[in-house]
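A.B. asks: here are the coordinates; sequence isn't available:
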């Protein structure tokens, strides 16, 4: 007959060891997120000294932990040098106290951060703060993110920015040459992100630049005074612009899909007003442009929407406005673009130059384009209002 | 409490000389008590005064209940620089308004300010509690910042009670305000007559004289005019949108009125669900106007409803809306007046035949309708 002690030991072994093992497993595998404050790493708001080492130390601590939040109290933080940071595969949130209330001030000509990640599965979130160019000239690239490749994990959002502003400190002197400049992002999300270059025509190359990205969502975003407001190149996946607003750029939104990949583009309720082309899309498999207000204050040759080698295109409920240029094509279908539905639009871009001449086309269809349906559009003979 | 305050002042004194920079404050350090027992307006006022003097910063409101026997005033009466303020509530912050003026008012004399308000609930303790939140500046020209963000803010009566604020969230004269995921909601009853208590509150959200305001993902219930965007004589607002938002138990769902007849263009109402008694979306004086992808319902079977009414609208779109219910009591789905021109009405699910559901003045020109 086995003793009570023996039975207790067996029971212990049967119950405790797996439980303890599981506990150890959970404990070792899932390290809790690390919540840090940049002040604790030596950052001091408004003291005029550079805070770039403090921010790097805070980022490094969170990246090493695997996940966590870098909190930034109200105030202005100066950056006299750009630092390179490797997030590896960490999930890191950078949280300020509000647009205009937490300010990251770039006093150098290179930029604020270059996230050169050795892993492709990092996730960076940036909330509630303002990036300010204050280098008396170019302040470089505000935020550069390079992943080594596109992660195969499609549930990852590589970059999430919400309630973030980019702006010059002195209008007409300060600017970022590039604002958000990235490669290989998986499904980035931008909500209420404002990029403003003011008083410096053609100084900034781009507002939002997504190269080799997989999908992207932009909502309530704004990009002003850049060569290209949005530039998405070598794109795949689903790209959505909802209520976005490119103003005073040469090109508003330019999207170029990878030929061998599926790429869909939806542009909804945008207010676009640029100088050369409002919207350029190349090689997308499906394009929806709905409820746009397409303006231009250009006096040179201007194209509202240019689509090349696209298929399954709908342009619905858009209005083309402003009578400043007499050389204008409102919808230009080029290359092998096919299966296009253009309906419920008002082509209101008619005007003449001082000599009474006009070269204005509602819809220009090149010879390689096929299956275009136009129905229920209005085309006022002269500009209305 | 007093000791805490002195300590804080000492800390501030030690910290201030090197840097006149933004503050991070907790309203309980100013004597506010999250117990809901006593008047907290003086504590909030003192905290905001310090934020204002410092140029800005964040005011944290810890979880709990706070009472306002008077309105807190933040008045920007100088032009020496922008004031940038974030008010952040923790989860479960309730601000009780026990007066007839309201809770928070920011009055600026320039548009170069910044106000961010997150995660607060305002509860009226009296009928006619003034304006829950008001942020106002004189209107001016165009500008490209978003200077007001209000997210996750709720304005309401006590549960089942008759209390209301006269106006819920009011932002006037500012650049690109965004009011998102917020609600103004009071107790509603079946009486839909002119004297109904449903319509005592004057406006839910009012963004008059703003430049490119956006209201998104919001709800307004039991208010005379749910969403309001009107302009005064000299303001020239461009843009503006009410998106993915709902209105119920109101006389007017969305009202856009421009006094000087459409100087600057564009207005969107998209993805909304509007139940109104008199007018669902009423646009008066606008060129370029999109009302699309929305649902419309009749608020009262006894009242003639115009779901969408365009007065002096040029270049308009009424597309892919669904009008629920029948054409009861003289209801019209879309009404265009004699000044209308170049308007497309297509792809909608109407409440009856086009002839019965649409009322287009014969003098309107170039109307393309289904």
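C.D. replies: All right, it came through fine. This one's a predicted model, so the numbers in the text were calculated from it and none came from an experiment.
A.B. asks: Could you confirm residue A:273 falls within a strand?
C.D. replies: Yes: the assignment for residue A:273 by DSSP: H, G, I helix; E, B strand; the rest coil puts it in a strand.
A.B. asks: if you skip the residues just before and after it, what's nearest to it?
C.D. replies: Nearest residue to residue A:273, sequence neighbours excluded (Cβ to Cβ, 6 or more residues apart in numbering or on different chains): residue A:295, at 4.0 Å. No exception for glycine: its C-beta is placed from N, CA and C like everyone else's.
A.B. asks: three-state assignment of the one you found?
C.D. replies: Going by three-state DSSP: residue A:295 is strand.
A.B. asks: Show the contacting residues for it.
C.D. replies: By Cβ atoms under 8 Å, 6 or more residues apart in numbering or on different chains, the contact list for residue A:295 reads A:271, A:272, A:273, A:278, A:321, A:322.
A.B. asks: any idea how far chain A is from residue B:316?
C.D. replies: 9 Å (Cβ to the nearest Cβ, to the nearest Å).
A.B. asks: Am I right that that residue is in contact with residue B:337?
C.D. replies: No: using Cβ atoms under 8 Å, residue B:316 is not in contact with residue B:337; the gap is 11.4 Å.
A.B. asks: quick one, strands of the stretch 201-350 of chain B?
C.D. replies: B:203-206, B:214-216, B:219-231, B:241-243, B:246-258, B:267-270, B:273-292, B:295-298, B:306-319, B:322-323, B:332-336, B:341-346 (DSSP state E, counting those that start in this stretch).
A.B. asks: tell me the most buried of those strands?
C.D. replies: Sort the strands of the stretch 201-350 of chain B by mean neighbour count, taking mean count of other Cβ atoms under 10 Å in any protein chain shown, and strand B:203-206 sits at the top with a mean of 28.
A.B. asks: Sheet partners, orientation included, of it?
C.D. replies: Partners of strand B:203-206 in the sheet, by DSSP bridges, are strand B:167-172 (parallel), strand B:219-231 (parallel).
A.B. asks: Would you mind saying which of these lies nearest residue B:195?
C.D. replies: Residue B:195 sits nearest to strand B:219-231 of all the strands paired with strand B:203-206, at 11.9 Å, using Cβ to Cβ.
A.B. asks: So what's the residue count around residue A:152?
C.D. replies: Here the count is done by other Cβ atoms under 10 Å in any protein chain shown, and residue A:152 has 10 residues near it.
A.B. asks: mind checking which helix or strand it is in?
C.D. replies: Using DSSP states H and E, residue A:152 sits within no helix or strand.
A.B. asks: Any regions of chain B where pLDDT drops low?
C.D. replies: Under the criterion pLDDT under 70, the flagged ranges of chain B are B:1-20, B:77-81, B:140-143, B:233-236, B:259-264.
A.B. asks: All the helices of it, residue numbers only.
C.D. replies: Ranges of helices in chain B, per DSSP state H, are B:2-15, B:41-54, B:354-357.
A.B. asks: How about residues contacting the last one?
C.D. replies: Defining contact as Cβ under 8 Å, 6+ apart, one finds that helix B:354-357 is touched by B:323, B:327, B:332, B:333, B:334, B:350, B:351, B:369, B:370.
A.B. asks: any idea which of these is the one closest to chain A?
C.D. replies: For these, the residue nearest chain A by Cβ to the nearest Cβ is residue B:370; the value is 8.9 Å.
A.B. asks: can you tell me which residues contact the closest one?
C.D. replies: Taking Cβ under 8 Å, 6+ apart as the test, what residue B:370 contacts is B:345, B:346, B:347, B:348, B:350, B:354.
A.B. asks: now do 7 Å
C.D. replies: B:345, B:346, B:348, B:354 (Cβ atoms under 7 Å, 6 or more residues apart in numbering or on different chains).
A.B. asks: could I get the residues you listed as TSV with distance to residue A:307?
C.D. replies: Output for the contacts of residue B:370, formatted as TSV (distance: Cβ to Cβ, whole Å):
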residue	distance to residue A:307
B:345	27
B:346	23
B:348	28
B:354	33
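A.B. asks: taking the residues you listed as a set, which two sit the farthest apart in space?
C.D. replies: Once Cβ to Cβ is applied, the contacts of residue B:370 give B:346 and B:354 as the farthest pair, at 10.7 Å.
A.B. asks: Leaving out the residues flanking it, which one is nearest to the residue of chain A found nearest chain B?
C.D. replies: Across chain A, the shortest distance to chain B (Cβ to the nearest Cβ) belongs to residue A:46, at 2.8 Å. Excluding the flanking residues, the one nearest residue A:46 by Cβ to Cβ, 6+ apart is residue B:21, at 2.8 Å.
A.B. asks: Return the residues in contact with that neighbour.
C.D. replies: A:45, A:46, A:75, A:76.
A.B. asks: Inside strands: which ones of these?
C.D. replies: Judged by DSSP state E, the contacts of residue B:21 include A:75, A:76 as members of strands.
A.B. asks: Let's see if you can find the most crowded of the contacts of residue B:21.
C.D. replies: Of the contacts of residue B:21, with other Cβ under 10 Å as the count, residue A:75 tops at 27 neighbours.
A.B. asks: what's the closest residue to that one other than its chain neighbours sitting at in phi/psi?
C.D. replies: Distances taken as Cβ to Cβ, 6+ apart put residue A:45 closest to residue A:75, at 2.5 Å, once the chain neighbours are dropped. Dihedral angles of residue A:45 (phi, psi; degrees, to the nearest 10) stand at phi -70, psi 140.
A.B. asks: for residue A:56, same thing?
C.D. replies: phi -60, psi -40.
A.B. asks: neighbours around it, how many?
C.D. replies: 16.
A.B. asks: Pick out the residue closest to the middle of chain A.
C.D. replies: residue A:208 (4.7 Å; Cα atoms, centre = their mean).
A.B. asks: so it sits in a helix?
C.D. replies: No: secondary structure of residue A:208 (three-state DSSP): strand, not part of a helix.
A.B. asks: contacting residues around it?
C.D. replies: Residue A:208 touches A:179, A:180, A:190, A:195, A:223, A:230, counting by Cβ under 7 Å, 6+ apart.
A.B. asks: quick one: what helix or strand has the first one in it?
C.D. replies: What that stands for is residue A:179. strand A:178-183.
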